[in-house]
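Chemist: got a predicted structure here, sequence first:
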Amino acid sequence: MRLKILYALLGLMLSSTAVLAIAGKPGAMTPPDKVVQETATEMFSAIDQHRAELQKDPEELYKLVGKILLPHFDFDYAARLVLGRYWRTATPQQRKDFEVAFYKFLVHSYADGMLRGNLSDRSVQVQPWRGSDSDTRTFVRSKVMLENGSPVAVDYAMVKTKDGWKAFDVTIEGISYVMNYRNQFGPEIQQNGIDALIKRLNTESSKAAPMNGKQP
């Protein structure tokens, strides 16, 4: 049950990491911990301001997340890590189709968690970053305080790009979403093939009803 609660928060955590690169302008790259703290307020605010309309129309939530997430989250790299060794044997079209299907699956599956999380920027406690300007990869560690006061460890794996720091993985209480889905998808691909996985993800996305409180 606790794992379901944590992964219901994944969508919100991914959305907050989606804007990590906004402050990272060329020549004035903001340290990753500062970016996490500053952009948490922006993301929570955006959801709060549109909560009523987003609950009525989930498609608007998908559009909002897509607008923020895709340009600033290194989703191509994340999808490659999720497929693991199967990325190398997939065709260019299969890679593209998987990225699209996986993205839709994540957003649709965890949209309810975004709206029902009842979190604010005060819920996020970001630890100071101890890295240097020469780093190309890093972790930003934080804690998210739930309504009952329980702290949840949330770590962001980030990579430095020409457009600033971008997140590609989120680890919640020691469980990486990249590794979680790699372990799920690997046996499925081995048994049925990658095309079957893509088809299933698309089907799951079309069936998702995020406002009914159910989680996959």
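Modeler: Great, that's in hand. This structure is a prediction, so every number in the text was calculated from the model and none was measured. Numbers count the residues shown, from 1 in each chain.

Chemist: relative to the longest strand anywhere in the chain, what are the paired strands and their orientations?
Modeler: If you go by DSSP state E, the chain has its longest strand at strand 151-161. Paired with strand 151-161 in the same sheet, following DSSP bridges, are strand 137-145 (antiparallel), strand 164-172 (antiparallel).

Chemist: indicate which one of those strands is closest to F102.
Modeler: Closest of the strands paired with strand 151-161 to F102 is strand 164-172, at 13.0 Å (criterion: C-beta to C-beta). Heads up, the C-betas are built off the backbone N, CA and C, glycines and all.

Chemist: residues in contact with M145?
Modeler: 123-125, 151-152 (C-beta atoms under 8 Å, 6 or more residues apart in numbering).

Chemist: between those residues, which is nearest P32?
Modeler: For the contacts of M145, the nearest to P32 is V124 (13.8 Å; C-beta to C-beta).

Chemist: just checking, the closest one touches L146?
Modeler: No - at 11.5 Å, V124 does not count as touching L146 under the criterion of C-beta atoms under 8 Å.

Chemist: for the longest helix along the chain, packing partners?
Modeler: For the chain, the longest helix by residue count, based on DSSP state H, is helix 92-116. The helices and strands touching helix 92-116, judged by 3 or more C-beta pairs under 8 Å, 6 or more residues apart in numbering; DSSP states H and E, are helix 2-8, helix 10-18, helix 51-56, helix 58-72, helix 75-83, helix 194-207.

Chemist: just checking: what are the partner strands of the helix or strand just after it?
Modeler: Where DSSP states H and E defines the elements, the next helix or strand beyond helix 92-116 is strand 124-126. Partners of strand 124-126 in the sheet, by DSSP bridges, are strand 137-145 (antiparallel).

Chemist: go through the partner strand and flag the buried ones.
Modeler: Within strand 137-145, the residues that count as buried by 16 or more other C-beta atoms under 10 Å are 138-142, 144.

Chemist: off-centre distance for that strand?
Modeler: 13 Å (C-alpha atoms, centre = their mean, to the nearest Å).
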